[in-house]
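Undergrad: give me a 3D structure for the following:
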Amino acid sequence: MSDAVIGLLCIVGSLVLIQTGMHIAISLMLLSAVGIWAVDGFNKAGALISRAAYDNISNDVLGVIPLFVFMGLLVAAAGIGRDTFNLASWMLNRIRGGLGMATVTANAVFAACTGTSIASASVFTRIAVPEMIKHGYTPRFAVGVVAGSSVLGMLIPPSLLFIIYAVVSDTSIGHLFIAGILPGVLLALAFMGLILAMSTWRKDKVYIDYQPPEKPVAVVEEDSPWPVWYRKNMNFWSSVLQFGGEFFWVWRRQWIPVVVLIFAVLGGIYMGFFTPNEAGAMGALVAIIIGLLRRELNWQNFRHVVVETGRVTAAILFLIVAATIYSAMLTTTNLPAELAEWATDAKLSFAVFILAYLILLVILGTFLDSLSILLIAVPFALEILAEYYADAGAIPSDVKVWFGVITVIGVEVGLLTPPLGIACFVIHANLDRRDITVQDIFAGALPFTLVMLAVLALIAAVPWFALALI
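TA: Next up, the predicted model:
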């Protein structure tokens, strides 16, 4: 049996063990160690496991993980998600499909403060779904909007998937964060365009009993002393002044904390004031201050946040150790090089490789979670990607950043696809309605999945969208 076949069997075995319920990290470490042992012997396998655990966990770059996890949990505890949705609803409720757009907007803003899609799905299921159903939206559309927009949590920085990709691929975390801004905004706008289109042409899918809103008739007295151009637009200018004043004063408690938090993190990284680690620490500090000022953060909440931060961080670091051993197994068995040689002999172009890679991510998303896909596919794909350049060290940094953006989007599609679709199951678990099934959530999320695939294709074809801000 060749070394490459051993590596392939280890990958297949890992997928099987994960599907049986074994922890991702344990399955990857177990099969990777077996593969290295089969090729180079037991002593080298044991030495590799111990070295991977020490070398990776002692890397100070990983300090960004607990800091951003801590910040995200603090933001959720401070009730910023609820207030962001209320503000977005007030701003957009006059537009057709406004509550759906408000959910997307609030998810995008909340994503810029947390970095996880699961938290977004959980928070906005409780906040947005009941509100949308109360205002006449169909339950399927309501849960579909929440499921679709929740994926913004892993694309708009700070993002835990970006952090893990950066560690696995040796890419700048700061560059990945900045690169995720424009694609995240683009995806959010695409979702809002979809909601507007469905609210215009597929009202039966959006509203239970659609009633077109009555348009107010403007009455302007002919003997008004104001100029004609102003009289014709009096209602418009009055609305603008009223809207601006109400936004900046009445809703100041909702938008000021969000703006301060986003500026402290992303603004600090973008302008070069902070490293990602320092930005995470600053974001956590600002989140604590916001929680205390809003009187949403008490000792009990704070204790829960600290414990949950430790639990999540330990799980992520365990996964990173497993990913290191897995990457070493791929190198030892020479499987990526064998596949790259096959691709070269078959004269597969770079575009065909990227297309095949993205299709693989979407297929894996039907039965694996995001972290599993990232840890299994990225080390494997980077080895093959290197063959299109001189070697792994010669892959341009901007290529790795762009590759990371399309990888995260491709991985996030799996949150909405059956049979796994973790975001859909999280929404179902947080619903108080038994009449909404998991199948309804998958069906409601389908249009958003198609939009995600379209945006993914656009960014894959036009890397400028991922690299413009770097």
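Undergrad: dump the residue contacts of the closest residue to Asn93 other than its chain neighbours.
TA: Excluding the flanking residues, the one nearest Asn93 by C-beta to C-beta, 6 or more residues apart in numbering is Leu99, at 6.5 Å. Bear in mind the C-beta positions are built from the backbone N, C-alpha and C, glycine included. Leu99 sits next to Ser89, Leu92, Asn93, Ala128, Glu131, Met132, His135, Tyr137 when contact means C-beta atoms under 8 Å, 6 or more residues apart in numbering.
Undergrad: next helix or strand past the helix or strand the fifth one falls within?
TA: When secondary structure is defined by DSSP states H and E, Glu131 falls within helix 117-134. Of the helices and strands lying after helix 117-134 in sequence (DSSP H and E), the nearest is helix 139-150.
Undergrad: and the residue nearest to Asn93, what pLDDT?
TA: For Leu99, the pLDDT comes out at 84.
Undergrad: contacts only, for the residue nearest the centre of the chain.
TA: Centroid-nearest residue in the chain: Met154, 1.4 Å away (criterion: C-alpha atoms, centre = their mean). By C-beta under 8 Å, 6+ apart, Met154 lies in contact with Ala111, Gly115, Thr116, Ser117, Leu160, Leu161, Phe162, Ser370, Val408, Val411, Glu412.
Undergrad: low-confidence stretches in the protein?
TA: 1, 52-59, 61, 114-115, 209-254, 344, 390-393, 420 (pLDDT under 70).
Undergrad: please identify the helix or strand for Leu261.
TA: Leu261 belongs to helix 252-262, assigned by DSSP H and E.
Undergrad: would you mark the buried spots in that helix?
TA: Gln254, Trp255, Pro257, Val258, Leu261, Ile262 (16 or more other C-beta atoms under 10 Å).
Undergrad: in this protein, which spans are strands?
TA: Read by DSSP state E, the chain holds no strands at all.
Undergrad: farthest pair in the contacts of Met154?
TA: Spatially, the most separated pair among those is Ala111 and Val411, at 15.2 Å (C-beta to C-beta).
Undergrad: re the thing from before, counting by contacts, list what the helix holding Leu261 packs against.
TA: helix 80-92, helix 98-114, helix 276-293 (3 or more C-beta pairs under 8 Å, 6 or more residues apart in numbering; DSSP states H and E).
Undergrad: same list, those, but as TSV with distance to Met29 please.
TA: Converted to TSV, the helices and strands packed on helix 252-262 look like this (distance: least, C-beta to C-beta, whole Å):
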stretch	distance to Met29
helix 80-92	36
helix 98-114	29
helix 276-293	27
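Undergrad: would you mind finding the most buried of those helices?
TA: Looking across those with neighbours counted as mean count of other C-beta atoms under 10 Å, the highest average goes to helix 98-114: a mean of 27.
Undergrad: can you give me the angle that one makes with helix 117-134?
TA: Interaxial angle, helix 98-114 versus helix 117-134 (axes from the mean of the first three to the mean of the last three C-alpha atoms, to 10 degrees): 160 degrees.
Undergrad: quick one: which of the helices and strands packed on helix 252-262 is nearest Ala461?
TA: helix 98-114 (23.3 Å).
Undergrad: state the distance from the residue nearest to Asn93 to Ser372.
TA: Leu99 sits 34 Å away from Ser372, going by C-beta to C-beta, to the nearest Å.
Undergrad: do the same with Gly174
TA: From Gly174 across to Ser372, the span is 26 Å (C-beta to C-beta).
Undergrad: now His304
TA: For His304, the distance to Ser372 - C-beta to C-beta - is 27 Å.
Undergrad: when the two are compared, which one has more neighbours?
TA: Set His304 next to Ser372 and count neighbours by other C-beta atoms under 10 Å: Ser372 wins out with 23 against 12.
Undergrad: residues touching the more buried one, list them.
TA: Ile18, Ile24, Leu364 are the contacts of Ser372 under C-beta under 8 Å, 6+ apart.
Undergrad: surely the second one and Ile320 touch.
TA: Read that as Ile24. No: with contact defined as C-beta atoms under 8 Å, Ile24 does not reach Ile320; the gap is 11.4 Å.
Undergrad: pretty sure Lys44 contacts Ile36?
TA: Yes: contact criterion C-beta under 8 Å: Lys44 and Ile36 qualify, at 6.2 Å.
Undergrad: who has more neighbours out of those two?
TA: Using other C-beta under 10 Å as the criterion, Lys44 and Ile36 rank with Ile36 on top: 26 against 14.
Undergrad: and the more buried one, how far from Arg433?
TA: Noted for Ile36: a distance of 50 Å to Arg433, by C-beta to C-beta.
Undergrad: and Gly144, by the same measure?
TA: In terms of C-beta to C-beta, Gly144 sits 14 Å off from Arg433.
Undergrad: out of these two, which sits in the busier spot?
TA: Using other C-beta under 10 Å as the criterion, Gly144 and Arg433 rank with Gly144 on top: 31 against 13.
Undergrad: and stretch 90-104, how far apart are its ends?
TA: By C-alpha to C-alpha, to the nearest Å, the extent of stretch 90-104 from end to end equals 14 Å.
Undergrad: and stretch 407-419, by the same measure?
TA: So stretch 407-419: terminal residues 20 Å apart, C-alpha to C-alpha.
Undergrad: and it, how far out from the chain middle?
TA: 10 Å (C-alpha atoms, centre = their mean, to the nearest Å).
Undergrad: name the residues of it that are buried.
TA: Result for stretch 407-419 [16+ other C-beta under 10 Å]: buried residues Thr407, Val408, Ile409, Gly410, Val411, Glu412, Val413, Gly414, Leu415, Leu416, Thr417.
Undergrad: run through who's touching stretch 23-32.
TA: Contacts for stretch 23-32 (C-beta under 8 Å, 6+ apart): 10-11, 13-14, 17-18, 49, 315, 318-319, 321-323, 325-326, 328-329, 369, 371-372, 375-376.
Undergrad: and with 6 Å instead?
TA: Cys10, Gly13, Ser14, Leu17, Ile18, Phe318, Leu319, Ala322, Ile325, Tyr326, Met329, Ser372 (C-beta atoms under 6 Å, 6 or more residues apart in numbering).
Undergrad: can you tell me how far Pro419 is from Val438?
TA: 9 Å.
Undergrad: ok, Phe141 next?
TA: 16 Å.
Undergrad: redo the buried residues of stretch 407-419 as a markdown table? Include distance to Gly310.
TA: Formatted as a markdown table, these follow (distance: C-beta to C-beta, whole Å):
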| residue | distance to Gly310 |
| --- | --- |
| Thr407 | 28 |
| Val408 | 25 |
| Ile409 | 30 |
| Gly410 | 30 |
| Val411 | 25 |
| Glu412 | 26 |
| Val413 | 31 |
| Gly414 | 27 |
| Leu415 | 25 |
| Leu416 | 30 |
| Thr417 | 32 |
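Undergrad: among the residues you listed, which ones are in helices?
TA: Counting by DSSP state H, the part of the buried residues of stretch 407-419 found in helices is Thr407, Val408, Ile409, Gly410, Val411, Glu412, Val413.
Undergrad: residue boundaries of the helices in the stretch 151-300 of the chain?
TA: 160-169, 173-179, 181-201, 203-206, 228-232, 234-245, 252-262, 268-270, 276-293, 299-333 (DSSP state H, counting those that start in this stretch).
Undergrad: of the ones you listed, which is nearest Leu385?
TA: Among those, the nearest to Leu385 by C-beta to C-beta is helix 160-169 (9.6 Å).
Undergrad: which other helices and strands contact the closest one?
TA: helix 173-179, helix 370-386, helix 397-413 (3 or more C-beta pairs under 6 Å, 6 or more residues apart in numbering; DSSP states H and E).
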